[in-house]
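K.L.:
Fold the following and give me the result.
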Amino acid sequence: MKAWDDLVGTALLGTRRRPLDLSTQPAAVRELATERDEPAEQLLAAAAVLTTYRRAGRRVLGDVKPLPAAAPDERPFVPALARERLARLLAASHPDLLQEWLGILAGTPYRVPPEFLPLLAEAARTKTGLRGPLVAVAGSLGAWLGQRNPDWAFLAAPAEESGDVWQYGSLAQRRRWLAARLTDDPDTAREALTTSWKSEPGDVRADFLGVLAGHVRDADEDFLEAALTDRAAAVREKAADLLGRLPDTRHGHRMAERLRPLVRRRGRILEISLPRTERGREEGTVRLRTLIAAAPLSFWTEFGPPAEVVRMTVEGCPPGVLRDAWASAALRQGDETWAHALIGADPGGRTTPPLLGVLSPASQATTIAHLVGRLPTESFARLVHELPRPWTAELGTALLDWIARQDDHRLVSHAAVVIARAVPPGCLRHPLATTRLTMDAGPWRRALTETLNFRREMYEELA
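P.N.:
As a prediction, the model looks like this:
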């Protein structure tokens, strides 16, 4: 509208520099404005009338149909106490606790009250970790909202049962489809993946291999062997990682044969020769690390048992390179014996946290209890931050027992935050979660107990 543009231009420049041209205004606006003497007053009067004109001067919409209602949802609403806790979680902005609350709700017959869904959808818009559990509990009303607000489109329930999702869906939808099919119909999933493989961008190929990681099987060897020659480095690395998880592969045997002439034992010494490369020692070290990480750990049995081999003196390459590569192989192959050996040889090393994830639940707790006695408090507190999750009940209990014995310390207080949020539900009746603390207790102790209590009450309210 030219009349409005002229009025805004005059307002921005000022009536002294650009007087309002009333001839461009509608007759009703012009008539009211000319009753004022001052140019500024004319401008304000014209703005008032024209604003009202713009708001009201629209044609009545015709043939308007009401929006379809959301499909009925017969589930009962969450109990009153759980509803109050949800309001507190949203007001306090605790996405990790909110995600846990939604996860609990997903295992119950309840649903979220509708007045909370817009707030939850808005929280999930910026915190993507909330999307999966929210979609699981939002039901038909959540899908209805997602269909009408592009920002909440993740709530819309797409027809992911259809094969069209794999061809036309978004990356997130395709990932969900692939993960579901790998569980329910693995042959169909693998056929879809191999059919479209060459047409996918490199980052998407690597992403899909990440989805396959939880379902890799012996029959995938040929497919992964082909991916070792992919033009994308991320794909090659992921394929090598997945092949390392399979026993007795051709790739593993090739790596072992290339490694064999590079390793020799002399008494208590492991002599390591670096592969020859055009770029010298640095590239040779990288190739050595790749060979060791990809070769079956059974290769090293000819040099001694794992607990003995990892403690040998190393010549020819940095010992850290060897330990890191052994740790990568142990993680890929899920070898608990080697994980134990490597943790025992270097309990404070950077590979200890991921290697703990290889151990059985009971062995995890026992090893943690052993590390408490071997590591300084500060080092153990740092270790807590890096432990792989989810934690088992045995591990959670061992860590709660440890922190219950600690004095006030900055790193201990930081570890307490992690422990309070990460211990599994089976640990929420630990004495730390049920004991009332006096006001003279340290702030971190009170915060630890309050968080454990809060989480325990979440589960009880939705039981």
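
K.L.:
Which parts of the stretch 151-300 of the chain are helices?
P.N.:
Secondary structure of the stretch 151-300 of the chain (DSSP state H, counting those that start in this stretch): helices at 164-168, 171-184, 186-196, 202-212, 221-227, 233-244, 250-259, 281-294.

K.L.:
Could you dump the ones you listed into a markdown table and include mean pLDDT and distance to G129?
P.N.:
For the C-beta atoms, the positions are set from N, CA and C on the backbone; glycine is no exception. Formatted as a markdown table, those follow (pLDDT from 0 to 100; distance: least, CB to CB, whole Å):
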| stretch | mean pLDDT | distance to G129 |
| --- | --- | --- |
| helix 164-168 | 81 | 22 |
| helix 171-184 | 88 | 13 |
| helix 186-196 | 93 | 25 |
| helix 202-212 | 94 | 17 |
| helix 221-227 | 95 | 29 |
| helix 233-244 | 93 | 22 |
| helix 250-259 | 95 | 34 |
| helix 281-294 | 92 | 30 |
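
K.L.:
What are the buried residues along stretch 144-153?
P.N.:
Neighbour-count burial for stretch 144-153 flags W144, L145, G146, Q147, W152 (criterion: 16 or more other CB atoms under 10 Å).

K.L.:
which residues touch the residue minimising distance to the centre of the chain?
P.N.:
Central residue of the chain (CA atoms, centre = their mean): G129, 6.0 Å from the mean position. By CB atoms under 8 Å, 6 or more residues apart in numbering, the residues touching G129 are P95, Q99.

K.L.:
Would you agree it falls within a helix?
P.N.:
Yes. Looking at G129 with DSSP: H, G, I helix; E, B strand; the rest coil, it is inside a helix.

K.L.:
In TSV, list the helices of the stretch 151-300 of the chain along with mean neighbour count and distance to E115.
P.N.:
TSV is the format used below for those (neighbours: other CB atoms under 10 Å; distance: least, CB to CB, whole Å):
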stretch	mean neighbour count	distance to E115
helix 164-168	14	32
helix 171-184	17	27
helix 186-196	15	39
helix 202-212	19	36
helix 221-227	16	49
helix 233-244	19	44
helix 250-259	17	56
helix 281-294	18	53
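
K.L.:
Dump those into TSV; add distance to L81 as well.
P.N.:
Shown next, in TSV, are the helices of the stretch 151-300 of the chain (distance: least, CB to CB, whole Å):
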stretch	distance to L81
helix 164-168	39
helix 171-184	33
helix 186-196	42
helix 202-212	38
helix 221-227	50
helix 233-244	45
helix 250-259	55
helix 281-294	51
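
K.L.:
Strands along the stretch 301-450 of the chain, start to end?
P.N.:
313-315 (DSSP state E, counting those that start in this stretch).

K.L.:
Okay, now the unreliable bits of it?
P.N.:
437-440 (pLDDT under 70).

K.L.:
so where do the helices sit in it?
P.N.:
Under DSSP H, counting those that start in this stretch, the stretch 301-450 of the chain gives helices at 306-309, 319-333, 336-345, 352-356, 361-374, 377-386, 393-404, 410-422, 431-434, 443-461.

K.L.:
of all those, which lies closest to G284?
P.N.:
When those are compared by CB to CB, helix 319-333 sits nearest G284, at 10.4 Å.

K.L.:
Can you name every helix or strand that the closest one contacts?
P.N.:
The contact analysis (3 or more CB pairs under 8 Å, 6 or more residues apart in numbering; DSSP states H and E) places helix 319-333 against helix 233-244, helix 281-294, helix 336-345, helix 352-356.

K.L.:
got the angle for it vs helix 233-244?
P.N.:
Taking axes from the mean of the first three to the mean of the last three CA atoms, to 10 degrees, one finds helix 319-333 and helix 233-244 inclined to each other by 70 degrees.

K.L.:
Now helix 319-333: buried residues?
P.N.:
319, 321-333.

K.L.:
chain center to it: distance?
P.N.:
25 Å (CA atoms, centre = their mean, to the nearest Å).

K.L.:
do stretch 204-211 as well
P.N.:
Counting by CA atoms, centre = their mean, stretch 204-211 comes out at 15 Å from the chain centroid.

K.L.:
Then stretch 49-63?
P.N.:
Chain-centre distance of stretch 49-63: 48 Å, with CA atoms, centre = their mean.

K.L.:
what does stretch 56-74 give?
P.N.:
Offset of stretch 56-74 from its chain centre (CA atoms, centre = their mean): 38 Å.

K.L.:
First-to-last residue distance for it?
P.N.:
Stretch 56-74 stretches 42 Å from its first residue to its last (CA to CA, to the nearest Å).

K.L.:
Same question for stretch 61-73.
P.N.:
In stretch 61-73, first residue to last residue: 32 Å (CA to CA).

K.L.:
what do you get for stretch 355-366?
P.N.:
OK, stretch 355-366 end separation, CA to CA: 14 Å.
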